[in-house]
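Visitor: Sequence first, then the predicted structure, then my questions.
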Amino acid sequence: MAKVKVKRHGVSLDMTAMCDVAFLLLTFFILTAKARPDEAVQVTPPTSIAQTPIKDSEIITITVSNDGRIFMGADAQPVRLGMLEKMGEKNKISFTAEEKEQFKLMENFGVPVGSLKQLLDLESEERKKEGVQRGIPCDSVRNELGDWVLYARMYNPKQRIVIKADSKSEYKVVKNIIDALQTQKINNFNLITGQENDPGVVPKKKKG
Amino acid sequence: MAEVNTGGGDKGGGKKRAKKMSTKIDMTPMVDLGFLLITFFILTTTLQKPVVMELGMPAKDEEKKETMPLKESQAITILLDKGNKIYWYQGADPKTADVKVSDYSAKGIRQVLLQKKAEIGEIFVALIAATDESSYQNMVDILDEMAITDNRRYALVDFAPAYKEAIKKGEAADAK
């Protein structure tokens, strides 16, 4: 018998369908995506059954890390600039135009105002290193956090306070923040939490 | 990369017409690019959108206006302590109250809240106070329990010195 020579075919696959799927997914992700903000510290908030989605404009976010450091940031760049200028005036520190520009780009920060200049000189990667940002002081002796929030709200009083604390952080720290802000008659806070299913023990009435 | 498309147009024989060009394009690089971008977007986005829990604190130092007097029997005080412990009692005076121990599980404080609400009715109020040793998780958990049991009448109050006694009593009850 004659040997049948197996003809070598190029393995040809129709990639069109796969390509369609890939780009469909890509479109989906682009449309639903919200870029992860470049934050100074990673925080895992506790979970709750709350349903209210977070507003992403006109907010002041106060972050508490698991070791109790306090970070703060406003979402709008003009607010950031405004509060930096006011804070500089109060503490008699003048910031250069370049430093202001840097500050405008920072999502949040966690240093006493005295060391803010050093922080602004660092590269954005170095700012996240351990021990660089020690937290904003917030106690009865030095209530810098209160000042920052006050100046930020002076710029835009409609801003809401959002507290994003790590589930392992101490209640004491959060209580301090709340107390400090209550002296400014801020009584409503939004606590960021992860989602959890409602066990449905009690049928909920609609709010309103 | 493997050569994929080896055209399909050139069958031998017949008249030589204008060569029909294959319209097939090698899609592989395009697919590669697509998936690369997908990977990038997945990695840089936050998948779970965080939600917010609203917390309204009672206003401080405001003139006490007309407030409805609260009967002691209508209130329970919930104390959060270190080690995920909850102590609670009914009434306003920790000295005379019978302090009980509870926890954050579904069978713990949730049942207490449901039971008390059924007993006392809509007027039932929960006062929540936490010690400095309790964690933020505890605070969110208890607020969450309030949401789960659909209890709108609660307040997060300062830890008054009188509560210490209740905690001591609770610890004693826990040790039994």
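Guide: Happy to help now that I have it. Numbering: from 1, shown residues only, chains lettered A, B, ... in the order given.
Visitor: mind listing what residue A:139 touches?
Guide: Contact partners of residue A:139, counting by C-beta atoms under 8 Å, 6 or more residues apart in numbering or on different chains, are residue A:176. In short, each C-beta sits where N, CA and C put it, glycine included.
Visitor: How about the one 4 residues further on?
Guide: Remark: with contacts taken as C-beta under 8 Å, 6+ apart, residue A:143 is in contact with A:137, A:180.
Visitor: if we look at the sheet, which residues does it bridge to?
Guide: Using DSSP bridges, the beta-bridge partners of residue A:143 come out as residue A:138.
Visitor: and it, how far is that from chain B?
Guide: Distance, residue A:143 to chain B, using C-beta to the nearest C-beta, to the nearest Å: 15 Å.
Visitor: Can you show me the helices along chain A?
Guide: Assignment of helices within chain A using DSSP state H yields the ranges A:16-32, A:77-91, A:97-104, A:116-121, A:124-127, A:144-155, A:171-182.
Visitor: Let's have these in JSON lines, adding mean pLDDT and mean neighbour count.
Guide: Converted to JSON lines, the helices of chain A look like this (pLDDT from 0 to 100; neighbours: other C-beta atoms under 10 Å in any protein chain shown):
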{"stretch": "helix A:16-32", "mean pLDDT": "86", "mean neighbour count": "14"}
{"stretch": "helix A:77-91", "mean pLDDT": "90", "mean neighbour count": "17"}
{"stretch": "helix A:97-104", "mean pLDDT": "90", "mean neighbour count": "14"}
{"stretch": "helix A:116-121", "mean pLDDT": "88", "mean neighbour count": "16"}
{"stretch": "helix A:124-127", "mean pLDDT": "82", "mean neighbour count": "12"}
{"stretch": "helix A:144-155", "mean pLDDT": "89", "mean neighbour count": "20"}
{"stretch": "helix A:171-182", "mean pLDDT": "88", "mean neighbour count": "20"}
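Visitor: Between those helices, which one is closest to residue B:173.
Guide: The closest approach between residue B:173 and any of the helices of chain A, judged by C-beta to C-beta, belongs to helix A:171-182 at 22.4 Å.
Visitor: Okay, angle between that closest one and helix A:144-155 too, please.
Guide: Note on geometry: by axes from the mean of the first three to the mean of the last three C-alpha atoms, to 10 degrees, helix A:171-182 and helix A:144-155 are set 40 degrees apart in direction.
Visitor: Residue B:33 is in contact with residue A:23, correct?
Guide: No. Taking C-beta atoms under 8 Å as the contact criterion, residue A:23 and residue B:33 are not neighbours in contact, 9.3 Å apart.
Visitor: Any chance of the helices of chain A in TSV with distance to residue A:53 as columns?
Guide: Compiled in TSV, the helices of chain A are given as follows (distance: least, C-beta to C-beta, whole Å):
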stretch	distance to residue A:53
helix A:16-32	13
helix A:77-91	22
helix A:97-104	27
helix A:116-121	32
helix A:124-127	28
helix A:144-155	22
helix A:171-182	22
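Visitor: residues in contact with the nearest residue to residue A:78 once chain neighbours are set aside?
Guide: The shortest distance from residue A:78 to any non-neighbouring residue, by C-beta to C-beta, 6 or more residues apart in numbering or on different chains, is to residue A:155 (7.0 Å). With contacts defined as C-beta under 8 Å, 6+ apart, the neighbours of residue A:155 are A:78-79, A:82-83.
Visitor: now residue B:103
Guide: For residue B:103, the residues meeting the contact criterion (C-beta under 8 Å, 6+ apart) are B:84-86, B:109.
Visitor: repeat that with 7 Å
Guide: With contact taken as C-beta atoms under 7 Å, 6 or more residues apart in numbering or on different chains, residue B:103 is in contact with B:84, B:86, B:109.
Visitor: The last one and residue A:69: what is the separation?
Guide: Counting by C-beta to C-beta, to the nearest Å, the separation of residue B:109 from residue A:69 is 30 Å.
Visitor: Compare neighbour counts for the two and give me the winner.
Guide: Counted by other C-beta atoms under 10 Å in any protein chain shown, residue B:109 and residue A:69 do not tie: residue B:109 has more neighbours, with 23 against 19.
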